[in-house]
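Participant: Quick one, structure for this:
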Amino acid sequence: MTERSARHGPRATPREVADAVASALFLGYSAPMPGGDSRYSDITAAHEARLLGVPALAASLSGAAASPVGETVFEAVSGSVSVARYADLRAAGYLAPLARAALLGERLGRTLGGLSNEDARFFARALETAGPKSFGQRLGRALDYALSAGREATLRDAMRFAAAGRSGEPMAREYARSFEITRELARPALFNALVRVEATRPALVQAYLEVLSEVVDLDVAERAGRKEAEEVSRMANGVLKSGGVYSRRGLQAITNLDGLLRSDGRLVPTATETPIVAATFLLTLEQGNGLLNHRVRPAPRR
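Facilitator: Numbers count the residues shown, from 1 in each chain. I've put the predicted structure just below:
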């Protein structure tokens, strides 16, 4: 894969990054992605707790040019915990290298290639601050292994270790593969949905379904097994064949899928939301806040 889409041309300003982070998180947290958290339901955390942490995440990530990626993640997590007693470590982990690359005007590959042992130490502290429930044990073990291997081992080495295997850690997979899913699948899916539907909420849901149909959710694979995770992806593909957000039949299929996933907590695709949030961040930086923020529509009455 090329990294052309990871180049952010002129450097983004801290204000632009902060605005893009806030937009991506507020919109992503509120969209009713099937089986996931939204303003209509709480799965992993209270919706209000997630929203309360957004300003701290935006403030820390807007300063990503001045701090290493790991330190930025730790500051974002610590600030969020102090305000809301909750931190979205995965969102901070996804957005920190993207924000740093944008602020420095450099290729994402260079940002990831510059990760160090110190980044791993800060990331381990962020994981400890966020709490053991924020991730499975795979990432923690990978960080421990890297830190015990000496000063030459970097955060990216730890991520590559955590990403190995058929049920690797999803964020680690993005670090290891230069955010391939975020940039090459989630971002174009979201942009194409915005072109067709011209409203933010359904566009985010459509992009989520497209990513889920193409990429097995690794959290589901870890909890329920690979076979069940592949079945979830097949169900998402069936919803898309029914029309997705573009037809009444598709909308009914989305509702049915949502109920099915919520009936068994093992099947909740918790790894699929964050690439959509990260893609929202990238599009907001590239196109301006108006691309998504000016397309917000009132929710239908229930």
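Participant: Mind jotting down where the helices sit in the stretch 51-200 of the chain?
Facilitator: 54-62, 69-84, 89-104, 108-113, 117-130, 137-148, 155-163, 170-176, 180-181, 187-197, 200-214 (DSSP state H, counting those that start in this stretch).
Participant: tell me the most buried of these?
Facilitator: Mean neighbours per residue, mean count of other C-beta atoms under 10 Å, is largest over the helices of the stretch 51-200 of the chain for helix 89-104, with a mean of 27. Bear in mind the C-beta positions are built from the backbone N, C-alpha and C, glycine included.
Participant: Helix 117-130 and that helix, what's the angle between them?
Facilitator: 140 degrees (axes from the mean of the first three to the mean of the last three C-alpha atoms, to 10 degrees).
Participant: and helix 89-104, average pLDDT?
Facilitator: The average pLDDT within helix 89-104 is 97.
Participant: quick one: that helix to chain centroid distance?
Facilitator: Distance, stretch centre to chain centre, for helix 89-104: 10 Å (C-alpha atoms, centre = their mean, to the nearest Å).
Participant: Please name every helix or strand in contact with that helix.
Facilitator: In terms of contacts (3 or more C-beta pairs under 8 Å, 6 or more residues apart in numbering; DSSP states H and E), helix 89-104 is packed against helix 14-30, helix 54-62, helix 69-84, helix 108-113, helix 117-130, helix 170-176, helix 273-287.
Participant: Can you say which of the helices of the stretch 51-200 of the chain is nearest to Ala31?
Facilitator: Among those, helix 200-214 comes nearest to Ala31, with 4.0 Å by C-beta to C-beta.
Participant: what helices or strands is the helix or strand following the closest one leaning on?
Facilitator: Sequence-wise, the next helix or strand downstream of helix 200-214 (DSSP states H and E) is helix 218-224. Packing partners of helix 218-224 (3+ C-beta pairs under 8 Å, 6+ apart): helix 170-176, helix 226-241.
Participant: Just put the ones you listed in a markdown table and tack on distance to Asp88.
Facilitator: Below are the helices and strands packed on helix 218-224 laid out as a markdown table (distance: least, C-beta to C-beta, whole Å):
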| stretch | distance to Asp88 |
| --- | --- |
| helix 170-176 | 11 |
| helix 226-241 | 22 |
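Participant: Could you check how far Ser30 is from Leu292?
Facilitator: 12 Å (C-beta to C-beta, to the nearest Å).
Participant: More neighbours: which of those two?
Facilitator: Leu292 (23 against 20; other C-beta atoms under 10 Å).
Participant: what about the residue lying closest to that one once chain neighbours are set aside, distance to Arg125?
Facilitator: Distances taken as C-beta to C-beta, 6 or more residues apart in numbering put Thr200 closest to Leu292, at 5.0 Å, once the chain neighbours are dropped. The gap separating Thr200 from Arg125 is 35 Å, by C-beta to C-beta.
Participant: what do you get for Thr72?
Facilitator: Applying C-beta to C-beta, the value for Thr72 to Arg125 is 12 Å.
Participant: on that earlier part again, indicate which one of the helices and strands packed on helix 218-224 is closest to Ser148.
Facilitator: Of all the helices and strands packed on helix 218-224, helix 170-176 sits nearest to Ser148, with 17.5 Å by C-beta to C-beta.
Participant: Tell me who's in contact with Gly113.
Facilitator: Arg156 (C-beta atoms under 8 Å, 6 or more residues apart in numbering).
Participant: mind checking pLDDT for it?
Facilitator: The score at Gly113 is 96. That number is its pLDDT.
Participant: re the thing from before, in a markdown table: the helices and strands packed on helix 89-104, plus distance to Leu204.
Facilitator: As requested, the helices and strands packed on helix 89-104 are exported to a markdown table (distance: least, C-beta to C-beta, whole Å):
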| stretch | distance to Leu204 |
| --- | --- |
| helix 14-30 | 6 |
| helix 54-62 | 16 |
| helix 69-84 | 22 |
| helix 108-113 | 22 |
| helix 117-130 | 24 |
| helix 170-176 | 18 |
| helix 273-287 | 6 |
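Participant: Out of those, flag the one nearest Leu209.
Facilitator: Across the helices and strands packed on helix 89-104, the minimum distance to Leu209, taken as C-beta to C-beta, is reached by helix 273-287, at 10.0 Å.
Participant: tilt between the closest one and helix 187-197?
Facilitator: Interaxial angle of helix 273-287 relative to helix 187-197 (the same axes, to 10 degrees): 70 degrees.
Participant: so what does the next helix or strand after helix 273-287 touch, helix or strand wise?
Facilitator: Where DSSP H and E defines the elements, the next helix or strand beyond helix 273-287 is helix 290-293. Counting contacts by 3+ C-beta pairs under 8 Å, 6+ apart, helix 290-293 packs against helix 14-30, helix 200-214, helix 273-287.
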